[in-house]
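**Q** What would the 3D arrangement of this be:
(one chain, ligands or ions: 1)
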Amino acid sequence: MTDGFAVDLGGTKTALARIAAGRIEARLQFPTDRLAGISEQIDILARHLGQMGFRRDDRLGVAVSGRVDAAGNWYAVNSETLPQIGGEPLLGILRTSFGRNVSLMNDAAAAALAEATLGAGAGAGHFAYLTVSTGVGGGVVLDGRLLNSRNGLAGHVGFLSSPHGDACCGSGRTGTVESIASGRAIARLAGTGDSREAFASRSVRALAAIDRSAMAIARLCADLNAIFGLDRIAVGGSVGLAAGYLPRVSAHLDREPSLFRVPLVPATLGQNSALLGAIPGG
Ligand code: BMX
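**A** Here you go, the predicted structure:
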């Protein structure tokens, strides 16, 4: 794992790390200011990175929620998650601010790479990582190569259609997996402030919301297997790693025909997956 600094800018929280000898030697986390524009986001990162000892031209891997195209432009696919982000040239701005040694990629794709090489996906030829968190993100690693695309949309499995609902999605689609299974969707259906409260409340309504999420993710796993012929799927994210969630997904997946079932495991790098995968060549 390459030494340097990493940023994981998610829809709910932002984490920064100083990485040495492949290990996180310093880490900090704070709530993402989802209404901040890009220059404010950069200022926030600069302040915290400086406090961690970052110096211009140090290696810096940045993983962000959202779509990053081949030119390094940053878009929110779900505009509700990051309403101020719409195609800004983030990679160029980061390099102007922090030096040439900066790389930029989607957060779930970074997590998929880390889990495939260092974590739950090690040894799996055809591997997929799912994060169930503010949104539902994903990354597919086939025989060690991350599936990518010039438009940056590859891997955005949260925007596949699901039969478990027809709610509007911030992507402009309806009935997406994200609109049914994400932390925000669970909170909305459970009537709680966030998904953490839904897991804590144990009300009938909250349990139904969590179970519907697990059902939609189980169906997504079977669908992805039909496309990629998967050997293993790792699930991460605040919802994905919540106590009791993955067993619910597995129980629903067991109702699929055996051909479409996939071994499901928790992301072993936990909330650090994207940080550890953000620096290329790691
Ligand atoms: C959304 C999308 C993905 C992201 C996923 C998980 C936006 C802003 N984000 O599907 O790019 O990987 O959420 O993101 O459209 P998180 O914010 O839950 O980490």
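**Q** Give the buried residues for stretch 83-96.
**A** 85, 88, 90, 91, 93, 94, 95 (16 or more other Cβ atoms under 10 Å). For glycine as for every other residue, the C-beta is placed from the backbone atoms N, C-alpha and C.
**Q** Equivalent analysis for stretch 145-153, please.
**A** 146, 148, 152.
**Q** Show me how the record splits the protein into domains.
**A** Using automatic domain parsing, the domain parsing of the chain gives 4-107, 120-266.
**Q** out of the ones you listed, deepest packed?
**A** domain 120-266 (a mean of 20; mean count of other Cβ atoms under 10 Å).
**Q** and that one, anywhere near the ligand?
**A** Yes: for domain 120-266, a contact with the ligand is found by Cβ under 6 Å from any ligand atom, at 131, 133, 134, 135, 136, 137, 156, 158, 178.
**Q** among the residues you listed, which are in strands?
**A** 131, 136, 137 (DSSP state E).
**Q** Which of these sits closest to residue 202?
**A** Lowest distance from residue 202 to those (Cβ to Cβ) belongs to residue 136, with 22.9 Å.
**Q** Dump the buried residues of stretch 83-96 to CSV, plus pLDDT and distance to residue 222.
**A** As requested, the buried residues of stretch 83-96 are exported to CSV (pLDDT from 0 to 100; distance: Cβ to Cβ, whole Å):
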residue, pLDDT, distance to residue 222
85, 93, 32
88, 95, 37
90, 97, 34
91, 98, 35
93, 97, 40
94, 97, 38
95, 97, 41
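**Q** Tell me the residue of this structure that sits nearest the ligand?
**A** Closest contact between the chain and the ligand, by Cβ to the nearest ligand atom, is at residue 135 (2.2 Å).
**Q** Stretch 34-49 near the ligand at all?
**A** No: using Cβ under 6 Å from any ligand atom, stretch 34-49 stays clear of the ligand, with a minimum separation of 9.1 Å.
**Q** what does that stretch rub up against?
**A** Residues outside stretch 34-49 that contact it (Cβ atoms under 8 Å, 6 or more residues apart in numbering) are 5, 7, 9, 11-12, 14, 16, 28, 30, 33, 60, 62, 74, 81-85, 88, 90, 93-94, 97-98.
**Q** Quick one: mean pLDDT over that stretch.
**A** Mean pLDDT, computed over stretch 34-49, is 93.
**Q** Please enumerate the helices of the stretch 151-282 of the chain.
**A** 177-181, 183-190, 195-201, 204-228, 237-240, 245-253, 273-277 (DSSP state H, counting those that start in this stretch).
**Q** would you turn these into CSV with mean pLDDT?
**A** Shown next, in CSV, are these (pLDDT from 0 to 100):
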stretch, mean pLDDT
helix 177-181, 98
helix 183-190, 97
helix 195-201, 96
helix 204-228, 98
helix 237-240, 97
helix 245-253, 98
helix 273-277, 96
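**Q** closest to residue 70 out of those?
**A** For residue 70, the closest of those is helix 273-277, at 18.6 Å, according to Cβ to Cβ.
**Q** for that closest one, packing partners?
**A** strand 4-9, strand 13-20, strand 23-31, strand 60-64, helix 107-118 (3 or more Cβ pairs under 8 Å, 6 or more residues apart in numbering; DSSP states H and E).
**Q** which one of the ones you listed lies closest to residue 252?
**A** Using Cβ to Cβ, the helices and strands packed on helix 273-277 put helix 107-118 closest to residue 252, at 21.2 Å.
**Q** In the protein, which residue is most central in space?
**A** residue 108 (3.4 Å; Cα atoms, centre = their mean).
**Q** which residue packs closest to that residue, ignoring adjacent ones?
**A** residue 137 (3.1 Å; Cβ to Cβ, 6 or more residues apart in numbering).
**Q** tell me which of the buried residues of stretch 83-96 is nearest to residue 169?
**A** If you rank the buried residues of stretch 83-96 by distance to residue 169 using Cβ to Cβ, residue 85 comes first, at 16.5 Å.
**Q** Check the gap between the closest residue to the closest one other than its chain neighbours and residue 143 for me.
**A** Once flanking residues are discounted, residue 85 sits nearest to residue 76: 4.5 Å by Cβ to Cβ, 6+ apart. Distance, residue 76 to residue 143, by Cβ to Cβ, to the nearest Å: 31 Å.
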